[in-house]
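Enquirer: predicted structure and sequence below. I'll ask about it afterward.
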Amino acid sequence: MLTLTPRKWFGWQMLPGYGMAPYFSPIRVEEITALKTGQSILRLRFFNAFYAAGVQNFEKTLRVLRRHPEYIVCDIIHDDDGRMAIITACTPEFLIKHADPAYVEQNRTLLLNSDLQALLDSVYGFDNSLGDRKEG
């Protein structure tokens, strides 16, 4: 089964997105807290890489509807738009499909041949040794 792990990157799909189209972004999980309600509810704190700079830190309460080896389907609780999320592994293919096309064109070889977790930590300013985001 796909397991959410702090300080690791995952693919995030939200339905509907901002507007009616789906929203896709790599997310870096910071903290997962099981709420022990008996209803598969968890609190997820994460960094949303493709969201507007300065407001990329999110905390969502999720009800897990389905776990699969390759994805987790969740209902986003307390969301007025009735959104759902699908969380997957963050792969080069996910980034190539959903990242800015200009970035992908310039960095395709890097995306395909790098430690993707370390690359994303570096691009978004996370200190690999501490797990914290570097300031400045």
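Expert: Yep, that arrived.
Enquirer: the spatially most central residue of the chain: which element?
Expert: What sits nearest the mean C-alpha location of the chain, by Cα atoms, centre = their mean, is Ile27, with 2.3 Å. In this assignment (DSSP states H and E), Ile27 forms part of strand 23-34.
Enquirer: in this structure, which spans are strands?
Expert: Using DSSP state E, the strands of the chain run over residues 8-15, 23-34, 41-48, 57-67, 71-76, 84-89.
Enquirer: could you redo those as a markdown table and give each row distance to Ala118 and mean pLDDT?
Expert: Just so you know, the C-beta spots here come from the backbone N, C-alpha and C atoms, and that holds for glycine as well. Listed next are the strands of the chain as a markdown table, based on distance: least, Cβ to Cβ, whole Å; pLDDT from 0 to 100:
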| stretch | distance to Ala118 | mean pLDDT |
| --- | --- | --- |
| strand 8-15 | 10 | 97 |
| strand 23-34 | 12 | 97 |
| strand 41-48 | 15 | 98 |
| strand 57-67 | 21 | 97 |
| strand 71-76 | 23 | 98 |
| strand 84-89 | 15 | 98 |
